[in-house]
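*Asks:* Just a sequence and a predicted model for now, questions to come.
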4 protein chains.
Amino acid sequence: MNLPVLVINFKAYGESTGKKAIEIARYAENVSFELGVEIVVAPSFVDLVKVKENVTIPVFAQHVDSVSPGSYTGKVTIENLKEWDIDGVIINHSENQVNISHIDYVIKKAKEMNMKTLVCAINDEISSSIAYLSPDFIAIEPPELIGGNISVSTARPELIKNGVEKIKKINRNVIVLTGAGIKNGIDVKRAIELGSEGVLVASGITKAKDPYSAIKELASAMR
Amino acid sequence: MNLPVLVINFKAYGESTGKKAIEIARYAENVSFELGVEIVVAPSFVDLVKVKENVTIPVFAQHVDSVSPGSYTGKVTIENLKEWDIDGVIINHSENQVNISHIDYVIKKAKEMNMKTLVCAINDEISSSIAYLSPDFIAIEPPELIGGNISVSTARPELIKNGVEKIKKINRNVIVLTGAGIKNGIDVKRAIELGSEGVLVASGITKAKDPYSAIKELASAMR
Amino acid sequence: MNLPVLVINFKAYGESTGKKAIEIARYAENVSFELGVEIVVAPSFVDLVKVKENVTIPVFAQHVDSVSPGSYTGKVTIENLKEWDIDGVIINHSENQVNISHIDYVIKKAKEMNMKTLVCAINDEISSSIAYLSPDFIAIEPPELIGGNISVSTARPELIKNGVEKIKKINRNVIVLTGAGIKNGIDVKRAIELGSEGVLVASGITKAKDPYSAIKELASAMR
Amino acid sequence: MNLPVLVINFKAYGESTGKKAIEIARYAENVSFELGVEIVVAPSFVDLVKVKENVTIPVFAQHVDSVSPGSYTGKVTIENLKEWDIDGVIINHSENQVNISHIDYVIKKAKEMNMKTLVCAINDEISSSIAYLSPDFIAIEPPELIGGNISVSTARPELIKNGVEKIKKINRNVIVLTGAGIKNGIDVKRAIELGSEGVLVASGITKAKDPYSAIKELASAMR
């Protein structure tokens, strides 16, 4: 995967589910091709396969359960995602935290199935702790800034700087992203300058008046 | 919906996810048309939309979260299911139990959106309790018999009889199903004779050597 | 138990744990004796036994797990509460909701052990649903009013009235309490007039400048 | 704390709650004095304070919630444990796993309050991951051996050896324990030889015919 990378978490927003998930994913694909910037989209479980059918950029799930195929009602297995060529999974988002055994299981199983893992962490100690488990990506997101108007790059520059340094010291192969409150190109540029290898963004794009322009602005700041 | 009804829970079995979910759903549709028996299929979240695109029989989700569209990562809203014309949801399966506020939320919201609700209960007191919340279906399933070789109709006939009676006394409009260990036509016939208005089945079909024949046998016993 | 009853949930407030739990429980006992009003206290798991040792009024736990004695780390069984003569348990508080199987288990097991159950419900449909399971008490508490300044008696009088009526129609033996935002004698009096057989209160007492006077004011309004 | 240390998890076993919790704790105290071996007891939340009143050896909780004092029903705060001079907490036992933010919160808050933390891990990758968060103790326990008849020392010697090495490389100050299936002195001796600085044991003592002798046997193997 080319760096830096822009990961768009569609969450369960009404603005980015159903047909609108496909629409935003297509905007992301267009921008990715135009600007040569790597963009990953993460739609809801229900929208995943339709989005995957419609774009060629990587598609990640927002979560996955830590069970093997079997007698589980309402659970989603990694194997089930793989059957539709889903490229990776986000796990441990601050809105959907799981225990360490769950994270460890998902990272190992996803590696076996040749899928990517992006594990979220709410601070730099936790991100260091997760680095030992060797996910492909760690995204540091202070929950108090998620969905807000002040970006992590402005409010907590030292968190990005220290987070990246600590993680890289433990495991050079982990790609470090940051997120929370990122809304414009300046936020992105600052995050990259501080050492971030990409950003994780949600409402900044999905709730923008013009999602296409929003994606373009953030991606442009990555070149 | 015509009664009795056969509801097939695909769970997270490797035999009934991905392309195989579509295949089994098509078998169910064929049998439904041939025999004129109502059949509902419930694939995983990931497979839901593809199954819905491929069959005309009702498609239910196996679970749904109790949140409105918004900032929730990895959650599935009823609104998101409705965007793809999913027909209903199973909720409170013994493998995925939720609190009463969750059940109450889902029943009310699904009614608003013109979707069906099937709430599971592990015994007849609980099924009576749920009847007050007016779901479309209640499925009584003793968890100790789920996935086993002895059906609820054989092991616990009085549970079906009493369960149906109690529920109907509270709310005549609720359709009462039973499930757990149902594997053949005799199990189905006995359940119907005891007052059940349909059955909820999983491994009996999904793990059968020949799922088409299995569906046909169960559905035939309903005519 | 004499009606009406005042139930004080100590929650995990710093003002009502540790030695302060014993202190507030003693105030409650004093008021109960002075005014002849039934008062129940519900301290934290950790404080339960010390409170029980220090007062003769009924002591309830704020929660209990739905497991039998066995290999469970960090869980609390009903049997363990009974070993210290704890009188009852609150269950399904909106801050700690559990599934229906959990509620059903706790009610049945507590009855067996001759302990009382107080099940909370966030609205009147849910309280009706729970009535069928025959707890000793149901407390209707709209979560949006909990900890606030407007009491349920002022904001939602119809909820109390309808809730009591519906529950009694289903099960005459259930004692119906209401709670949320209750801070003074007027709130209590109004709740009783609307049919409530007692109130469930927390911050109104535990965070009062003078908890003794607060208990006295609320209890006086019950005579 | 002197090493090696024997930590006894009382779990929710009927054999080690209520008055029996005090009894077993007293046996542990006697053995600790006789043999000069450090022993920690971890009774249920409900029994904690009574055990603490009756013994002078360290008393740990089996779990704690990750909330500050406030409006939480049925939750236990670290502050509440401290009010009764509880010495430490076990967290993330395989029977009660929590997310990393929870672990991080508990370790930081307990340090502030001068309390010890013992974090469980189901394998050596996870224990390494946790080592970065600097708990006082990490206990490696493969869940498939918990409560069984073959001890971790016999079944998985390499797990102990590698686990200790990895943890110490990350954080020399963490004390490494192992557990699961430990029933006799040979199991303990072998664990210590493999590098373990103590053992975490439950049913091996609580369900022994003669808990006093069982404690004595395990503690003797530690001298």
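*Replies:* Received it, and whenever you're ready, just let me know what you need.
*Asks:* Every contact and neighbour count from this point should use C-alpha atoms.
*Replies:* Will do.
*Asks:* For A:Glu158, report the pLDDT, please.
*Replies:* Listed pLDDT for A:Glu158 reads 88.
*Asks:* Now name the helix or strand holding it.
*Replies:* Assigned by DSSP states H and E, A:Glu158 belongs to helix A:157-170.
*Asks:* Can you list the neighbours in contact with the helix or strand immediately after that helix in the chain?
*Replies:* Downstream of helix A:157-170, the next assigned helix or strand under DSSP H and E is strand A:175-179. Outside strand A:175-179, the residues that touch it by C-alpha atoms under 8 Å, 6 or more residues apart in numbering or on different chains are A:136-142, A:146, A:151-152, A:160, A:164, A:167, A:191, A:196-201.
*Asks:* do stretch A:5-12 as well
*Replies:* A:16-17, A:21, A:37-44, A:62, A:197-203, A:205-206, A:218-219, A:222, B:69-77, B:80.
*Asks:* Quick check: closest non-adjacent residue to A:Ala202.
*Replies:* Counting by C-alpha to C-alpha, 6 or more residues apart in numbering or on different chains, A:Asn9 is the residue found nearest to A:Ala202 once chain neighbours are left out, at 4.8 Å.
*Asks:* Please name the bridge partners of that neighbour.
*Replies:* A:Ala42 (DSSP bridges).
*Asks:* Please report phi then psi for the residue of chain A found nearest chain D.
*Replies:* Proximity of chain A to chain D (C-alpha to the nearest C-alpha) peaks at A:Asn99, 3.8 Å away. When read as degrees, to the nearest 10, the backbone of A:Asn99 gives phi -80, psi 170.
*Asks:* Quick check: buried residues in the biggest helix by length in chain A?
*Replies:* When chain A is parsed with DSSP state H, its longest helix is helix A:19-35. Residues of helix A:19-35 classed as buried by neighbour count (16 or more other C-alpha atoms under 10 Å in any protein chain shown): A:19-32.
*Asks:* buried residues in the helix-or-strand element of chain A with minimal mean pLDDT?
*Replies:* Least confident element among the helices and strands of chain A, by mean pLDDT, DSSP states H and E: helix A:152-155 (a mean of 84). Within helix A:152-155, the residues scored as buried using 16+ other C-alpha under 10 Å are A:Val152, A:Ser153.
*Asks:* on contacts alone, who are the packing partners of it?
*Replies:* helix A:185-193 (3 or more C-alpha pairs under 8 Å, 6 or more residues apart in numbering or on different chains; DSSP states H and E).
*Asks:* Now do the helix it packs on and helix A:157-170, the angle between them.
*Replies:* Interaxial angle, helix A:185-193 versus helix A:157-170 (axes from the mean of the first three to the mean of the last three C-alpha atoms, to 10 degrees): 40 degrees.
*Asks:* Report the buried residues of helix A:185-193.
*Replies:* Under 16+ other C-alpha under 10 Å, the buried positions of helix A:185-193 are A:Gly185, A:Ile186, A:Asp187, A:Val188, A:Lys189, A:Arg190, A:Ala191, A:Ile192.
*Asks:* wait, which of these is closest to chain C?
*Replies:* Closest to chain C, out of all of those and judged by C-alpha to the nearest C-alpha, is A:Asp187, at 35.9 Å.
*Asks:* Quick check: closest non-adjacent residue to that closest one.
*Replies:* Spatial nearest neighbour of A:Asp187, excluding adjacent residues (C-alpha to C-alpha, 6+ apart): A:Ser153 at 5.8 Å.
*Asks:* wait, what's in contact with that neighbour?
*Replies:* A:Ile160, A:Ile182, A:Asp187, A:Val188, A:Arg190, A:Ala191.
*Asks:* now do A:Ala191
*Replies:* With contact set as C-alpha under 8 Å, 6+ apart, A:Ala191 has these partners: A:Val152, A:Ser153, A:Pro157, A:Ile160, A:Thr178, A:Gly198, A:Val199.
*Asks:* from the buried residues of helix A:19-35, which is closest to chain B?
*Replies:* For those, the nearest to chain B is A:Lys19 (7.6 Å; C-alpha to the nearest C-alpha).
*Asks:* give me the element the closest residue to A:Leu6 other than its chain neighbours is part of.
*Replies:* In this structure, A:Leu6 finds its nearest non-sequential neighbour in A:Ile39, 4.7 Å apart by C-alpha to C-alpha, 6+ apart. According to DSSP H and E, A:Ile39 maps onto strand A:38-42.
*Asks:* For that strand, list the C-alpha coordinates in PDB.
*Replies:* Below are the C-alpha coordinates for strand A:38-42, written out as PDB (Å, rounded to 0.1, in the frame of the first residue of the first chain):
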ATOM      1  CA  GLU A  38      -4.100   5.600  -1.600                       C
ATOM      2  CA  ILE A  39      -7.700   5.700  -0.200                       C
ATOM      3  CA  VAL A  40      -9.400   3.000   1.800                       C
ATOM      4  CA  VAL A  41     -13.200   2.900   2.500                       C
ATOM      5  CA  ALA A  42     -14.900   1.200   5.400                       C
END
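*Asks:* which helices and strands sit right next to it?
*Replies:* Against strand A:38-42 (3+ C-alpha pairs under 8 Å, 6+ apart) you get strand A:5-9, helix A:19-35, strand A:60-61.
*Asks:* For the contacts of A:Ala191, work out which two are farthest apart.
*Replies:* A:Pro157 and A:Gly198 (14.4 Å; C-alpha to C-alpha).
*Asks:* between those two, which one's more packed in?
*Replies:* Neighbour tally, A:Pro157 and A:Gly198, criterion other C-alpha atoms under 10 Å in any protein chain shown: the higher count belongs to A:Gly198, 26 against 17.
*Asks:* The residue of chain A closest to chain D touches D:Val98, doesn't it?
*Replies:* Yes - between A:Asn99 and D:Val98 there is a contact under C-alpha atoms under 8 Å: 5.0 Å.
*Asks:* Neighbour count: the two, which is higher?
*Replies:* Higher neighbour count among A:Asn99 and D:Val98: D:Val98, with 21 against 17, using other C-alpha under 10 Å.
*Asks:* Now for the more buried one: which residues touch it?
*Replies:* Neighbouring residues of D:Val98 by C-alpha under 8 Å, 6+ apart: A:Val98, A:Asn99, A:Ile100, D:Ile91, D:Asn92.
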